[in-house]
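[1] Structure of the sequence below:
(chains A, B, C, D, E and F, ligands or ions: 5)
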Amino acid sequence: MNGSEFSWSEFLHMGGYATFVWSSYGLALVMVVFNIVSPMIERKRVIARVKRAIKREANSRQTS
Amino acid sequence: MPESESTNTTLLETRQLECVRDDRLLFRDLSINLSEGEILQVEGANGSGKTSLLRILCGLRLAEAGQVLWQGEDVSDVREDYYASMIYIGHLPCIKGDLTTLENIRSLLDTRSQSAPIEEIDAALTKVGLSGFDDVPSKALSSGQRRRILLAFLLLSKTRLWILDEPLTALDVQGVALVESMLMEHREAGGSAIFTTHHGMQLPCEMSSVTLGVQC
Amino acid sequence: MPESESTNTTLLETRQLECVRDDRLLFRDLSINLSEGEILQVEGANGSGKTSLLRILCGLRLAEAGQVLWQGEDVSDVREDYYASMIYIGHLPCIKGDLTTLENIRSLLDTRSQSAPIEEIDAALTKVGLSGFDDVPSKALSSGQRRRILLAFLLLSKTRLWILDEPLTALDVQGVALVESMLMEHREAGGSAIFTTHHGMQLPCEMSSVTLGVQC
Amino acid sequence: MLKAFYHLLARDLRLAFRSRHELANPLIFFVLVVTLFPLAVSPSAEVLRVMAPGVIWVSALLSVLLSLDRLFKQDYEDGSLDQLMLSPNPLVILVLAKVCAHWLLTGLPLVLVAPLLAMFMYVPDEAIGVLMLSLLLGTPVLSLVGAIGVSLTVAVNRGGVLLSLIILPLYIPILIFGANAVDVASDGMSVRGQMLFLGAVLALALSLAPLATAVALRITASR
Amino acid sequence: MLKAFYHLLARDLRLAFRSRHELANPLIFFVLVVTLFPLAVSPSAEVLRVMAPGVIWVSALLSVLLSLDRLFKQDYEDGSLDQLMLSPNPLVILVLAKVCAHWLLTGLPLVLVAPLLAMFMYVPDEAIGVLMLSLLLGTPVLSLVGAIGVSLTVAVNRGGVLLSLIILPLYIPILIFGANAVDVASDGMSVRGQMLFLGAVLALALSLAPLATAVALRITASR
Amino acid sequence: MFKRIWAWIQKFSSPKHFYRISGKMIPWFAVPAAVLGVYALYMGLFVAPTDYQQGESYRIIFIHVPAAWMSMFIYMVMAVSAGIGLIWQIKLADMIAAASAPIGAWFAFLALVTGSLWGKPMWGAYWVWDARLTSELILLFLYFGYMALQSAIEDQRTADKASGLLAIVGVVNIPIIHYSVEWWNTLHQGATVAKFDKPSMHIDMLIPLLLMAIAAKLFYAAIVLIRARNEVLYRERNRQWVKELVEKL
Ligand code: HEM
Ligand SMILES: Nc1ncnc2c1ncn2[C@@H]1O[C@H](COP(=O)(O)OP(=O)(O)OP(=O)(O)O)[C@@H](O)[C@H]1O
Ligand SMILES: Nc1ncnc2c1ncn2[C@@H]1O[C@H](COP(=O)(O)OP(=O)(O)OP(=O)(O)O)[C@@H](O)[C@H]1O
Ligand SMILES: [Mg+2]
Ligand SMILES: [Mg+2]
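    Numbering: from 1, shown residues only, chains lettered A, B, ... in the order given. Ligands and ions are numbered 1, 2, ... in the order given. I've put the predicted structure just below:
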């Protein structure tokens, strides 16, 4: 890439190592995204659970 | 001792039953006759063979000698018929700690090929004092609460014959009263029951009894 | 509730004990005061936390908050001292099926670094109704007989403080009477005890009691 | 009856999924044991290539063996097994449901992960398909035959090693044919014979083992 | 205190001798697993000779692993462990007694029978002594480290495979050095380094593992 | 003095306080992580020159090496905080440890896979039983063991203590594993293909590598805070402040 004109196809080709390089970067991306998304989902789940518990408590207080 | 006032149909009958464990003769020539609507208490000191007898009655244990008859036929010949109309609750919990109360009851009913609408299960749970615990994993319940799941199962199974080994284990005073009332209702509905217990159980009705062991 | 007539030495004391299990608060700010010669019954419905409390008292479980004191010192600081003078018998059998009654008792005493001459053990076995069973492997005993081994252990251990979780489990009527008389004798000898039970136990002496749970 | 089968299968699967870690365990054990060999024997490609089929099969076998416990042990101990035996449904059907669940939870994952391990141990690509097929035919037999063994030893406490003693000899034919098939395939030869054998054994086990297990359970339940 | 150690050791040994079959089990498992390899891999002398040290070590390791259950599991379940923890004696001593009993019942028999298996697998005579020595130094470590793992998982039901997941990584160094020593000895070279390493690890484990186990037991007993 | 520090630690490590502070801290890690990461990616993919030996395949280094470093770093963080939790009974430390484990496992996994993907073109095999590779694999198993134990034990406090103890035992073992694997490999084989014998790296390669490593650390810091906050919410779900907080959400 040095000096010569930049070409996307050449870049994507990675000198013949495209599979290896791009799957590495792809996996890294997946890992990053997963690690961001999964705690967010987890957080929703925890909050929902606490809310449910609060509601259950309120209900049982009403009935008793 | 089947001279109760109930109908004369004999449900379960044993002939010359004999049980030996570890060289010790527990009982011999035991003949029981349980008719419809009869409630039978098996009495005896610790180690007299009550549990062994109940397991023999269920076909879970082989007697040394003698026969168990269900409506006149040997139980090993009419197994499916017999099992469809009896229920046994023993010393052991039969409860999966990882399943919730509801799931436990459902899967117990499943083994009997029964199912029950959710309202009915809820009603049963309320009756045994477990309402609100239906989605709690059973391992988080105390020993008495776990026994109560079995009581709910007993209620829902609607079988004619109950065989209960120490149904009062781990139950508190209310629990004992509950079992007593359950037995009364069961009897009024025409069901029969055989049970053991060391607590004095007072049922306001006739009860037959068999005493094991002249032992120790 | 320690206003009994016994000597005023406080043996075991809890301060602001709190126990939470699985999100549910079982008890909080529980303060117990057990003096020498006092017998304390822990009461409560199924699942109210009796077993949990006893295990906390033994140091087998960590309380959420609060302290357990043995003669004024935190039990975790005086563990060896404390354990040398208390004995806990829980729900579980603590019995090895492969060992005989005698061997079981011996090895239980061993864990307490105690030993007893054979005559004394024989006397204890006779007292709990197991004479003649001393060389029977415990797996061949019924559930009640196995509990009786523990009673013999209790007798032989000669400790000041007994902590008993449902000592009447699986015992027949004689067995219940036996436990009652054992408790009385223990008390007369100046010992203390904490126990739970769902059976009404009638001791002909003063008994304090703690009730757990305003629960369900 | 089909319903009884389905309900029990569903219950066992649900139980397994409830404790997620347990689900993964036989698989991890398999991977770990396979990993021990390069460490213990030699990391060189030539040695590993020769050993690989045998090592993978032995590890799969041990992994199934150790997970057999969960077939009946717990049910026996908590009394659920009594309830199953008191079910009005034929015990054979219930046994089959439990074995199915067991295979889905242990055998199948092994089949799926084996190719990866094979690659790590330099098994040639053309033999990897055969490895999977041989495991696919073989692991159900391991579960089925294992069930007989477990049902016989369920009343023995700490029966784990007794169990291996009883079952391992029965596993040996499967092991020999399975490992041999992979070996032969690595050399580029046909493995039709081995596969037919494994298939036949599977058919045999499927038809007889549940019956034997049901009988064994009735015997050992007597306590 | 020494008396407490001795009594507990005696009890555990007596218990094991009471159920004779159980006594023999780890040994039989060991022999069976080792036997699987000639069947699964190849019966030829060259292949076996290369594999032998590794296979024997892996089998010994698995055999110890599977017998670890008996260290605390049963005591936990029947409440005896509670009684041990309520003993006025230091828990570390009691733990050490139990580990000792475990080693005498599993490790030692393996050490004694290994030469026979090694011979069957064409291990040269001069390496057999090294094999025994390496097992003699290594198996106690397996018991000691295993005790930590068991005490951590004792409250987990069906923890068998979880246990392996936890312990196998910790076993790997022992495995590598043990098997490697035999390998090197077969080539007629000195194994002083390996033996020193194994000895050092044994000393470390002997001084730290019982402590860790005692701590772990106090943690997991909380139920 | 000592007492005051202790009191301060206790205050700061109270879950409620941590929850409030950490919420503010997360952006301070997350934003630089993203910026640095993207910049390093640009440098690594577009600016850094082609390696004369390995061609373009070496660009995996920008993922592989930071991931490998992180997997080891996170294990240390996890073990140390588990130790703090075990000895000083600081709940927050246990939570950090528990929150770290899955992230560390992910990094270890990433290092393994990218290493494999790099190995194929370099060594002609996805996997060789080389010392470094093997010990990374064992590290992954140590993570798995920790997580499995944590999730297998019901009671949260017991689970924390038990898995904490395991993490500490693991730390004792890591150097042992490390040396045993090294010696094992050098002792009896030379089959491993030429190892990383690069004299010195081109500066244009080194810079994106270091930037990526820093970005990875910041990323970890942000994620571990998010995860620890979840743990706080979950474990303190019965406390009044959590209930109030949740009702507002
Ligand atoms: C599955 C295969 C691989 C694994 C598990 C792996 C693992 C590791 C680990 C754990 C490190 C950190 C070592 C440390 O800092 O002490 C590392 C660093 C490194 N790896 Fe890999 N690796 C693998 C394959 C490769 C390949 C194929 C290459 C290139 C040919 C490579 C090149 C590097 C480089 C250049 C470093 C940095 C070395 C240093 O910091 O001194 N790795 N790898
Ligand atoms: N597993 C066993 N193996 C051998 N003998 C046993 C076994 N279980 C019980 N026994 C013997 O059988 C006898 C009867 O036991 P069983 O459990 O039927 O008594 P039980 O009347 O139910 O006593 P309990 O009131 O204590 O429950 C006991 O005396 C005991 O010696
Ligand atoms: N292993 C456990 N895990 C989680 N929660 C538990 C566990 N065991 C018991 N609990 C909970 O703790 C509470 C108290 O249990 P505990 O066994 O102390 O009650 P108990 O008073 O002894 O009851 P019982 O009279 O039935 O023996 C129960 O309500 C139960 O929900
Ligand atoms: Mg009984
Ligand atoms: Mg209780």
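
[2] Just the helices from chain B, written as ranges.
    B:50-57, B:79-84, B:101-111, B:118-127, B:143-157, B:173-188 (DSSP state H).

[3] So which residues make contact with the biggest strand by length in chain B?
    Taking DSSP state E as the criterion, chain B has its longest strand at strand B:10-21. Here strand B:10-21 makes contact (Cβ atoms under 8 Å, 6 or more residues apart in numbering or on different chains) with B:2, B:25-36, B:38, B:49, B:52-53, B:56-57, B:63-72, B:160-161, B:192, B:194, C:140. Every C-beta, even on glycine, is put in place using the N, C-alpha and C of the backbone.

[4] filter these to the buried ones?
    Neighbour counting with 16 or more other Cβ atoms under 10 Å in any protein chain shown marks B:26-27, B:30, B:32-36, B:38, B:49, B:52-53, B:56-57, B:63, B:66, B:68-70, B:160-161, B:192, B:194 as buried within the contacts of strand B:10-21.

[5] out of those residues, which touch chain C?
    Restricting these to those within reach of chain C (Cβ under 8 Å from any Cβ of the partner chain) leaves residue B:49.

[6] Mind checking which of the buried ones among the contacts of strand B:10-21 are in strands?
    B:26-27, B:30, B:33-35, B:66, B:68-70, B:161, B:192, B:194.

[7] In chain B, where is pLDDT below threshold?
    B:1-8, B:214-216 (pLDDT under 70).

[8] Around chain E, pick out the residues from it.
    residue B:97.

[9] So which residues on chain B come close to chain A?
    Residues of chain B lying near chain A (Cβ under 8 Å from any Cβ): residue B:132.

[10] how about the residues of chain B near chain D?
    Counting by Cβ under 8 Å from any Cβ, the residues of chain B that sit close to chain D are B:55, B:58-62, B:80-81, B:83-84, B:86-88, B:90-96, B:98-99, B:103, B:107-108, B:110-113, B:137.

[11] PyMOL command to pick out the buried ones of those?
    Only the buried entries of the residues of chain B next to chain D go into this PyMOL selection, using 16+ other Cβ under 10 Å:
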select buried, chain B and resi 55+58+59+60+61+83+84+86+87+88+90+92+93+94+95+96+98+99+103+107+108+110+111+112+137
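
[12] Now chain F against ligand 3: closest residue?
    Residue of chain F nearest ligand 3, by Cβ to the nearest ligand atom: residue F:154 (5.6 Å).

[13] State which one residue of chain D is found closest to chain A.
    residue D:20 (14.2 Å; Cβ to the nearest Cβ).

[14] Report pLDDT for that residue.
    If you check residue D:20, the pLDDT there is 71.

[15] Tell me how many other residues crowd it.
    12 (other Cβ atoms under 10 Å in any protein chain shown).

[16] is ligand 2 contacted by the longest strand of chain B?
    Yes - contact of strand B:10-21 with ligand 2 (Cβ under 6 Å from any ligand atom) involves residue B:21.

[17] now the angle between helix B:50-57 and that strand, please.
    For strand B:10-21 against helix B:50-57, the angle by axes from the mean of the first three to the mean of the last three Cα atoms, to 10 degrees is 120 degrees.
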